[in-house]
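>>> Just to be clear, the model below is a prediction. Sequence and coordinates:
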Amino acid sequence: MKHGLLIAALAVLAGPVAADTPVTRLMEQETRALRSISGDRLASYITRPEIGIEYSRDWLAGLDVEGGNVQSACLAEALYFEARGESVRGQFAVAEVILNRVDSAAFPDTVCDVIHQGTGRKFQCQFTYTCDGHEEHIANPAAFDQVNKVARLMVQGAPRRLTDGATHYHTRAVNPRWARVYPRTTTIGVHHFYRKPTQLSRN
């Protein structure tokens with residue numbers, strides 16, 4: 001039902017168009033694409049407002065964030081082991097990096113795959129806690145509850161406005177070689193954030 005109403009509304013907005021023109025063919029292509037998306041998902045694109053974020057523990061503690069899934073669970077785990085001691089702003093920033101990687105063609109295309117890229121090769125992974133040889137335990141339930149909310153909000157589409165598209169970060173305690181050539185976008189808490197340089201094609 002939602003599908004039909006939306007497509008009908010788009011047709012009305014488009015107005016009358018002459019048959020067999022480039023515009024007509026484009027509208028037909030768009031209509032086919034819309035029909036291939038589930039009704040619930042399509043409705044969520046239109047009706048879901050941007051999530052307003054306040055980067056404070058008190059604000060986050062007062063939220064009841066529903067809708068966890070496998071991807072938000074992977075992100076929550078990464079935030080716990082990578083950034084549980086950071087401020088709320090710092091935790092959102094680390095989450096931004098992971099989701100920016102998901103959106104980049106240079107990295108895997110799911111949250112879980114980004115986090116576990118290279119796992120299995122000791123100290124050759126992207127996120128050290130996944131390949132340092134130590135078994136990880138979530139020993140602080142309160143800290144995990146907080147990062148779990150951050151993860152769910154980010155996977156659900158919270159705005160990414162802290163790191164200016166960063167795809168990398170490191171703590172101030174280290175100085176990796178790539179940091180000499182990647183543009184730094186910001187520093188939040190104990191982490192410096194960087195964006196991978198644009199690769200120019202060579203002819």
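Ah, there it is.

>>> All the strands of this protein, in order from the start?
Listed in chain order, the strands of the chain (DSSP state E) span 168-171, 184-188, 191-194.

>>> would you list these in a markdown table and tack on distance to Leu79 and mean neighbour count?
No exception for glycine: its C-beta is placed from N, CA and C like everyone else's. Shown next, in a markdown table, are these (distance: least, Cβ to Cβ, whole Å; neighbours: other Cβ atoms under 10 Å):
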| stretch | distance to Leu79 | mean neighbour count |
| --- | --- | --- |
| strand 168-171 | 12 | 18 |
| strand 184-188 | 13 | 17 |
| strand 191-194 | 12 | 22 |
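
>>> what's the closest of those strands to Leu162?
With Cβ to Cβ as the measure, strand 184-188 is the member of the strands of the chain nearest Leu162 (6.6 Å).

>>> in its sheet, what does that closest one sit against?
strand 191-194 (antiparallel) (DSSP bridges).

>>> gap between the partner strand and the chain center?
17 Å (Cα atoms, centre = their mean, to the nearest Å).

>>> quick revisit: with respect to Met27, which of the strands of the chain lies nearest?
strand 184-188 (39.7 Å).

>>> what does that closest one rub up against?
With Cβ atoms under 8 Å, 6 or more residues apart in numbering as the contact definition, strand 184-188 has outside contacts at 86-87, 89-90, 93, 162-166, 172, 192-195.

>>> change it to 7 Å
Residues from elsewhere that reach strand 184-188 (Cβ atoms under 7 Å, 6 or more residues apart in numbering): Arg89, Gly90, Ala93, Leu162, Thr163, Asp164, Gly165, Ala166, His192, Phe193, Tyr194, Arg195.

>>> Check the offset of that strand from the chain's centre.
18 Å.

>>> do the same with stretch 137-149
19 Å.

>>> Spatially central residue for this protein, please.
By Cα atoms, centre = their mean, the chain has its centre lying nearest to Leu99, at 2.6 Å.
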